[in-house]
Structures are given as structure tokens and as C-alpha cells.
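J.: what's the 3D shape of this:
(one chain, ligands or ions: 1)
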Amino acid sequence: MFLSVGVRVEANVEALNMVETAGNYGKHRRVPYLIEEDGKLKTVYVPALSGESLAHAYQEHLVKEALGLDLPVCDDCKRNEFYKSMNKVHLKKKVDPIPDDPKKIEEAIVRACVVEDVGGFLYAEKPPVRRSSAFQVSYALPVKSVALFATSEPQLHARHAQMDASSKKGNASEQMIYYVETGTALYGFTFNLDLDAIGVSAITSEPILDKSEIKGRREASLKALFRMLSSGQFGAKLSRFFPVGGITELVVAVTEHPFVVTSPIYDDYIERTERRLKVLESLGEDYLLVVADSGKVPEEALKEAMDYLGEKGAF
Ligand SMILES: [Zn+2]
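T.: Sure thing, here's the model as predicted:
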């Protein structure tokens, strides 16, 4: 089974994805973006959140949900340091001595850690072993029709330190000013989860784990997505720049085989997704499409999709 979610989220004055600090200036990630204006194409630079940043947040939630279901997570991933068995030093913590057979290496890693099973890894030694992530996440980009209203703007802040004249030395100052570039936009992003890839070897396509363990890991993966979207716990600087806004729309499609919802950066993404699914249905594919807009909250839509997957025996 395959799950694809399109999310529209309004985020005002957010600093969810900062890319560099130059002196006292923290810069928001920005990407070139193609838009059409008066029948002509032009490129504008808009604030964005990287897929890497969203994927990191998802895997943090996955750690918590997996541990909550008594499923294995390795020590590195437990600390939210997703090295992913990248070399001998990290792999030895899971299997020692390290086997020569790539299949045995993959099996040992998948058995030892839900995050590396679901989120993939690259063991860059001899022999190299690579496992693709069972989940995919796009960049969050401003919705096309209103992309020109998306902005990044630096905000001035000051840090103060209490000092009397005697403790003042050299360049030490009572006050330091700094700027945080904040973004404001209606963002759209896509999240996909291939439930059939969980607990299954990427080398042989054979299951590595037994059915009940695979079902448990699928449940943890779905709960992690639910929690991430419901809590808004993704991106950086949440302590002082928690974005003002929230999810405005969300679509969830569940299909037998891979299918990705039309990107929510387009205004007609819900209708187009539905039309595309109807064609698949005429070819014999079962599907579920749930939409959360004015009539339904995102949690209701996600829960409906989870119930459907439960009925279908996915977890
Ligand atoms: Zn791990």
C-alpha cells in the first residue's frame, strides 16, 4: 500500500529553515521559482523549507513512535543523530564482526533500527550497501498563485548582558544586535510513504522481518506522520519563531501501488488528484481519497486514512 499526502500550510513570520549566518545575520533558505505573470514566465526567489529539514523532523517523530511501540531504534538514531550506519565505526555498534555479504549487512541494520529501515541508509565502505528511503518528502514551496506575496524579511533582535563598568573588558558589550530573516508564505509540500518497502530487503525484495513486526513498523511510520503534521513540530527556531498559521488544506490518497497526489502548489490539486485516481480506478485499482479543507480538520482526514489502512490489513 502507498500513501501520499499533499499539505498546504500557512506560515507567517517563520524561521523554520535557516541556511547560513553571516556575522549577526541569519539567512532563511530561498529558492528560484518559476511563475507566470501576464502570460510570461519569470523567476522569483521565494522562501522555502528543504525536504531534508522536513525529513529530519519526520525521523525524530519516528524514533518516538517506534520506541512507544517497543520497536528497535539504534543508539545514534535515538539521539536524533541520523548517521545511518554510514561507516564501519557506526555499523560496528549494530553488528560485530561486520559481514562481507551486502544482504547480511542490510539485514543486520534493518533488524536493529526502524529509522534506517524506513528512512534508508548508505553504508559507504567495501562492500557499499544502500537502502532507499521508504518515505519521500518534497521541499515546501509557496503556492504558485500567491508566490509573489511570499516574502523574507530580517527582524532585529537584541541580546542583553548585565555589566557594571568594572567588568567591562575589551570589546565586550552590554548589548548585541542580531537579525533573523523570517519567511512568510502559504507553503505546499508532498509526503509519500511506501508501506510495502518497510521490513523488506531492497536487494532481494524478500521480507527481512516477520509479518507482525512489519505491521508494527508501518504503524509507527503512520503515527509519526500524524504527529508531525498535527503538532507542527518540524523545522528550526520553533522556540521563538513558531510559525503563525497552520494547515489550511490537506489531501491523503491511499492506493495499492505507488501514486502521488498532484502537488498542492497548484490551486486545482484536489480536483486533479481525484480525476487521476478515477482513471486508476477504471483500471482496477482501489483507492481512498480524503480531503481536509473547511469541513474537516487535518487530524480527521489522517485518521480516516489510517483506519482504511487498518481495515485493509496494512498494520
Ligand atoms: Zn539507526
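
J.: which bits of the stretch 101-250 of the chain sit near the ion?
T.: 113, 115-116 (C-beta under 5 Å from the ion). C-beta here means a position set from N, CA and C on the backbone, and glycine is covered the same way.

J.: closest to the ion among those?
T.: Taking C-beta to the ion as the measure, the ion sits nearest to residue 113 out of those, at 3.3 Å.

J.: surely the closest one is in contact with residue 78?
T.: No: between residue 113 and residue 78 there is no contact under C-beta atoms under 8 Å: 9.1 Å.

J.: those two: which is more packed in?
T.: Taking other C-beta atoms under 10 Å, residue 113 and residue 78 do not tie; residue 113 has more neighbours (26 against 15).

J.: chain neighbours aside, what residue packs nearest to the more buried one?
T.: residue 74 (4.0 Å; C-beta to C-beta, 6 or more residues apart in numbering).

J.: for residue 201, same thing?
T.: Leaving aside its sequence neighbours, residue 201 is closest to residue 208 (5.3 Å, by C-beta to C-beta, 6+ apart).

J.: cool, residue 112 as well?
T.: Closest residue to residue 112 apart from its sequence neighbours, by C-beta to C-beta, 6+ apart: residue 94 at 4.2 Å.

J.: that neighbour - how many residues pack around it?
T.: Neighbour number of residue 94 under other C-beta under 10 Å is 20.

J.: what about it, which SS state?
T.: Following DSSP: H, G, I helix; E, B strand; the rest coil, the label given to residue 94 is coil.

J.: check contacts around residue 90.
T.: Residues in contact with residue 90 (C-beta atoms under 8 Å, 6 or more residues apart in numbering) are 76, 83-84.

J.: can you name the residue of the stretch 201-315 of the chain nearest the ion?
T.: For the stretch 201-315 of the chain, C-beta to the ion, closest residue to the ion: residue 217, 12.9 Å.

J.: what's the burial count for that residue?
T.: 26.

J.: now the phi/psi pair for it, please.
T.: When read as degrees, to the nearest 10, the backbone of residue 217 gives phi -70, psi -40.

J.: am I right that it is in contact with residue 207?
T.: No: assessed by C-beta under 8 Å, residue 217 is found out of contact with residue 207, at 11.4 Å.

J.: need the overlap of contacts for the two.
T.: Residues touching both residue 217 and residue 207 by C-beta under 8 Å, 6+ apart: residue 199.

J.: show me the shaky parts of the chain.
T.: Low-confidence segments of the chain (pLDDT under 70): 164-173.

J.: for residue 132, which non-adjacent residue is closest in space?
T.: Nearest to residue 132 is residue 120, by C-beta to C-beta, 6+ apart, at 5.0 Å.

J.: which ones are touching that neighbour?
T.: Contacts of residue 120 by C-beta under 8 Å, 6+ apart are 84, 130-134, 202.

J.: of these, which belong to strands?
T.: Taking DSSP state E as the definition of strands, those contribute 130-131.
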